[in-house]
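1. fold the following for me, if possible:
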Amino acid sequence: MDVVSKEILPPSKIYFHTCSALAREIFFFPLCTGHFYCAKGYEVDRGRYDSFLLIYVVAGKGYVYDGAQRLEVSAGEFVLVDCYQPQHYGTDDSWEIYWLHFDGGLARRYYELCAAGGPLLRPADADMCARQLRRIFEAFQKPGSVNEAEVSRRIVDALTAFMLAQERTKGQNRATDVVDETLSYITEHIGEPLPLSELARNAAMSPFYLSRLFKRETGNSPHEYIVHARVNKAKYLLKFTSMPLKEIARCCGFGNESNFSTSFKKTTGMTPRTFREGRA
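-> Below is the predicted model of the structure:
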């Protein structure tokens, strides 16, 4: 059916659905779906509406509240809202959106997994997810009854993509944490040998995996990073202290003056003594 109001513009449409007993028992099922063109000032601020709401922003931008926090939503992004709780969203500009209120026996669990990081969703295959929403909407435009099994499959496909995106984010955050901890460990123990086996043991992973992770996150291998960190510390000591080269070599983890000079020159293009004297 057509929907026209002050903020919902033509050719916006909305469709309602009463699901079968079978769909309510075993499927994800739609309650209503729409394709809205909204002008500035469109806002939904309401209490409980027993369902979960998925919004895809085709164009424009809007906002959604996550508790007291207002989050901005841009074109190409998705929002997943628990409408068993009060919800508040809209646009201060304008936006075009596809949306779907749905529910199902596993809907709550899927929601918890998909929106673990908040209501804004950015799946790797956003086009596929947007296509599922459009296809569900289009199914209601065709004459005849809606294939509830097909609609359920499309909902599951989209939710699965959102869930996988959350798992990837968790993995990326874990990788960042591991590398940050390793960087801190290197800084604290820069005067020590720091073999890769020790770094890996401290990170509780294999040397191979730590090396790959470290390279991906920093752009350097652990060995390259350690050498640069040692040289940087040596630069500071050379410029701002009168420590002898032998002592600087020891405190920066080079082992001896010869290794210090070789590594320093390879990295900076000059010897430690030349650097200290400012004859670059």
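2. where does residue 44 land in three-state SS?
-> The three-state label given to residue 44 by DSSP: H, G, I helix; E, B strand; the rest coil is strand.
3. tell me the spacing between it and residue 175.
-> Distance of residue 44 to residue 175, computed by CB to CB, to the nearest Å: 38 Å. Placement of C-beta: from N, CA and C, glycine included.
4. before we move on, what about residue 243?
-> Applying CB to CB, the value for residue 243 to residue 175 is 37 Å.
5. ditto for residue 38
-> Applying CB to CB to residue 38 and residue 175 gives a distance of 39 Å.
6. neighbour-wise, which of the two wins?
-> Between residue 38 and residue 175, counting by other CB atoms under 10 Å, residue 38 is the more crowded of the two (21 against 16).
7. return the set of residues that bridge with the more buried one.
-> Beta bridges link residue 38 to residue 8, residue 95, judged by DSSP bridges.
8. would you confirm that it contacts residue 7?
-> Yes. Using CB atoms under 8 Å, residue 38 is in contact with residue 7, at 5.6 Å.
9. leaving out sequence neighbours, find the closest residue to residue 197.
-> In space, and not counting its chain neighbours, residue 197 is closest to residue 207: 5.9 Å by CB to CB, 6 or more residues apart in numbering.
10. so who does that neighbour touch?
-> 196, 197, 199, 200 (CB atoms under 8 Å, 6 or more residues apart in numbering).
11. mean pLDDT per helix and strand in the protein: which one sits at the bottom?
-> helix 148-188 (a mean of 85; mean pLDDT, DSSP states H and E).
12. in stretch 42-57, which residues are buried?
-> 42, 49, 51, 52, 53, 54, 55, 56, 57 (16 or more other CB atoms under 10 Å).
13. please report how far residue 63 lies from residue 88.
-> Residue 63 is 9 Å from residue 88, by CB to CB.
14. do residue 147 as well
-> Noted for residue 147: a distance of 34 Å to residue 88, by CB to CB.
15. same check on residue 114?
-> From residue 114 to residue 88 the distance is 20 Å (CB to CB).
16. neighbour count: the two, which is higher?
-> residue 114 (24 against 16).
17. before we move on, the earlier item: point out the least confident one among the contacts of residue 207.
-> For these, the weakest pLDDT value sits at residue 200, with 90.
18. one step back: looking at the contacts of residue 207, which two lie furthest apart in space?
-> Greatest spacing in these, by CB to CB: 197 and 199 (7.4 Å).
19. coming back round to it: in CSV: the buried residues of stretch 42-57, plus distance to residue 227.
-> Shown next, in CSV, are the buried residues of stretch 42-57 (distance: CB to CB, whole Å):
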residue, distance to residue 227
42, 57
49, 60
51, 58
52, 52
53, 53
54, 50
55, 50
56, 48
57, 47
